[in-house]
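S.K.: Build me a model:
(chains A and B)
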There are 2 protein chains.
Amino acid sequence: MLYLVGLGLGDAKDITVKGLEVVRRCSRVYLEAYTSVLTVGKDALEEFYGRKLILADREDVEQEADNILKDADVSDVAFLVVGDPFGATTHSDLILRATSLGIPYRVIHNASILNAVGCCGLQLYKFGETVSIVFWTDTWRPESFFDKVKKNRQNGMHTLCLLDIKVKEQSLENLIKGRKIYEPPRYMTVNQAAQQLLEVIRNQRARGEEPAVTEETLCVGLARVGAEDQQIAAGTLQQMCSVALGGPLHSLVITGGSLHPLEVEMLSLFPVPEASSGPQSTEGPRP
Amino acid sequence: MLYLVGLGLGDAKDITVKGLEVVRRCSRVYLEAYTSVLTVGKDALEEFYGRKLILADREDVEQEADNILKDADVSDVAFLVVGDPFGATTHSDLILRATSLGIPYRVIHNASILNAVGCCGLQLYKFGETVSIVFWTDTWRPESFFDKVKKNRQNGMHTLCLLDIKVKEQSLENLIKGRKIYEPPRYMTVNQAAQQLLEVIRNQRARGEEPAVTEETLCVGLARVGAEDQQIAAGTLQQMCSVALGGPLHSLVITGGSLHPLEVEMLSLFPVPEASSGPQSTEGPRP
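M.R.: Below is the predicted model of the structure:
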């Protein structure tokens, strides 16, 4: 049996009781290490589970699915995923590969940012399409996500923006020279996402367009949702450029315009702290 | 401290390790008993937790919030919610009440149908606004949810339909006579939801409108998501009228039209079983 086990969002104890039982009895346990991170690293998970974990990065899962699935028809293999196995990244590939090999699978669900974001008080059923905001480079500055935000706002829907994570990146030099040396992981902050959004807005105005989001649009910045030290701050997009939310992971919500009174009241619990200034570190624990 | 603890979707062991620790150490533990149910009842939860649970129905939570919160400033009180505390029903009221009384709160997240629905293979970020389908009566047959489905489909988004639950209902006679006798709980099946949808479609055609959904629209019926015996069936809306998915809870997804090839491949794992015929029981375990 292949088990896809969600780990939730905070630390080692956010696994479900059922998930923990599965992890402890499987013959091999993989930890997916490329789409998200907990506030604790692999060591803390291994200690709590009492198990060695095999890190599986994107290449492994795509190229070595058969290794992961080896003998899973006669023994139990677990594949651990931060959040829910069907959250931000689906693992359909692995499931389809298992099914084609005649290997049964089971999913142990858990919280994902897609539902836990409700903790800020915005109503989940009023969220439209989720978007991803990627790190811009000098030569690649995609703005297409902005169309989805616009469509959501036109329909009065909030937009959850998942912020980029870069793990196991090679510098251009190391890539060219074929050296498997990787850069430190980078996690986009709410500040960086807000600054990129403001640049999209400036670009749209320069083209004579009326942007669907402005400096004054109400947004919510969230950091480390589900962890003891989670931070939430509701304020304008301009304020999101400098709000201090601490270490990763960050997420940003762009509200859909008209809010329910209960949403307004809940957001008022999370004012932007006065001391906020300057962008935050993008470094965090390796999974 | 007030703890809002998500129980996930399946059985007693879907609570997180962190949630279980909270439940075991709190001085009072309430179980929210009106928006959703697990596949097991209160007794099974009490046995697994080793704790007595206090059932809190809608009236209690709205009228007796102060009782729930009593002494929560000096001791720990847990409020257990099937799914995630910010899933289908938010508990903003309770949080705002606690905050106004100076009582701190914490949320222990878990899976909710809003993210676990991804197990059918449809991509979560492509879901639009969630709708609720309520039991029609002879005199109250709301069709307004259909506009939201239409808007989602126009934007190529899937629609998760949460199906009605009726617990602690009084018959008109008992209501008039002031007798606190309650009807057995009722849970809407995918069959019933599909039949109501077909009636909306017929009504729209009778008015000369072109419905956004037809008998042939691809839908996904889900039952007991997260439980060992969960069932998923992908087929036309017409097929959803008779597909046999077993006991509650059921959910229905109306797809958004064009699907990603991976979505198509995943849905092909869940054909409508040939034996399906006749509507299913709406009865299930009391929480």
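S.K.: pLDDT (mean, whole number) over the longest helix anywhere in chain A?
M.R.: For chain A, the helix that runs over the most residues, judged by DSSP state H, is helix A:190-206. Averaged over helix A:190-206, pLDDT sits at 97.
S.K.: State the number of residues packed around A:Ala234.
M.R.: Around A:Ala234 there are 26 other residues, counting by other Cβ atoms under 10 Å in any protein chain shown. The C-beta positions use only the backbone N, C-alpha and C, and glycine is treated the same way.
S.K.: Is it within a helix or a strand, and which one?
M.R.: Taking DSSP states H and E as the definition, A:Ala234 sits inside strand A:231-236.
S.K.: how about that strand: buried residues?
M.R.: A:Gln231, A:Ile232, A:Ala233, A:Ala234, A:Gly235 (16 or more other Cβ atoms under 10 Å in any protein chain shown).
S.K.: As JSON lines, those residues with distance to chain B would be great.
M.R.: What follows is those, written out as JSON lines (distance: Cβ to the nearest Cβ, whole Å):
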{"residue": "A:Gln231", "distance to chain B": "14"}
{"residue": "A:Ile232", "distance to chain B": "11"}
{"residue": "A:Ala233", "distance to chain B": "16"}
{"residue": "A:Ala234", "distance to chain B": "14"}
{"residue": "A:Gly235", "distance to chain B": "19"}
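S.K.: Can I get those in TSV including pLDDT?
M.R.: Formatted as TSV, the buried residues of strand A:231-236 follow (pLDDT from 0 to 100):
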residue	pLDDT
A:Gln231	97
A:Ile232	98
A:Ala233	98
A:Ala234	98
A:Gly235	97
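S.K.: quick revisit: what does the longest helix of chain A contact?
M.R.: Helix A:190-206 has contacts (Cβ atoms under 8 Å, 6 or more residues apart in numbering or on different chains) with A:133, A:135-136, A:141, A:143, A:146, A:161, A:163, A:210-211, A:213-215, A:219, A:221-223, A:237-238, A:240-243, A:245, A:250-252, A:254, A:279-280, A:282.
S.K.: from these, which ones fall inside helices?
M.R.: A:Phe146, A:Leu237, A:Gln238, A:Met240.
S.K.: Between all of those, which two are separated the most?
M.R.: Greatest spacing in the ones in helices among the contacts of helix A:190-206, by Cβ to Cβ: A:Phe146 and A:Gln238 (16.8 Å).
S.K.: now the end-to-end length of stretch A:13-32.
M.R.: End-to-end span of stretch A:13-32 (Cα to Cα, to the nearest Å): 17 Å.
S.K.: Oops, could you answer that again for stretch A:158-172 instead?
M.R.: Using Cα to Cα, the end-to-end distance of stretch A:158-172 comes to 37 Å.
S.K.: quick one: secondary structure of A:Val107?
M.R.: At A:Val107, secondary structure determined by DSSP: H, G, I helix; E, B strand; the rest coil is strand.
S.K.: List, one by one, the residues from the stretch 151-287 of chain A near chain B.
M.R.: The stretch 151-287 of chain A comes close to chain B at residues A:Lys151, A:Asn155, A:Met157, A:Val225, A:Gly226, A:Glu228, A:Leu262, A:Glu263, A:Glu265, A:Met266, A:Leu269, as judged by Cβ under 8 Å from any Cβ of the partner chain.
S.K.: Name the nearest residue to the last one, sequence neighbours excluded.
M.R.: Translated: A:Leu269. Closest residue in space to A:Leu269, ignoring its immediate chain neighbours: B:Thr99 at 6.1 Å, by Cβ to Cβ, 6 or more residues apart in numbering or on different chains.
S.K.: Distance from the strand or helix carrying the one you found to the middle of the chain?
M.R.: Per DSSP H and E, B:Thr99 falls inside helix B:92-100. How far helix B:92-100 lies from its chain's middle: 23 Å, per Cα atoms, centre = their mean, to the nearest Å.
S.K.: For it, which outside residues touch it?
M.R.: With Cβ under 8 Å, 6+ apart, helix B:92-100 has contacts from A:121, A:262-263, A:265-266, A:269, B:2, B:4, B:61-62, B:65-66, B:68-69, B:72, B:79, B:104-105.
S.K.: ok, A:Phe146 and A:Gln238, which is more surrounded?
M.R.: Shown here are A:Phe146 and A:Gln238; by other Cβ under 10 Å, A:Phe146 has more neighbours (22 against 14).
S.K.: quick one, what contacts that one?
M.R.: A:Leu197, A:Val200, A:Gln204, A:Pro211, A:Ala212, A:Val213.
S.K.: Compare these and tell me which is most surrounded.
M.R.: The residue in the contacts of A:Phe146 with the most neighbours, by other Cβ under 10 Å, is A:Leu197 (27 neighbours).
S.K.: quick one: the helices in the stretch 1-150 of chain A?
M.R.: A:17-25, A:42-49, A:58-63, A:65-68, A:92-100, A:113-116, A:145-154 (DSSP state H, counting those that start in this stretch).
S.K.: Which one of those lies nearest to B:Glu274?
M.R.: Here helix A:92-100 is closest among the helices of the stretch 1-150 of chain A (Cβ to Cβ), at 19.6 Å.
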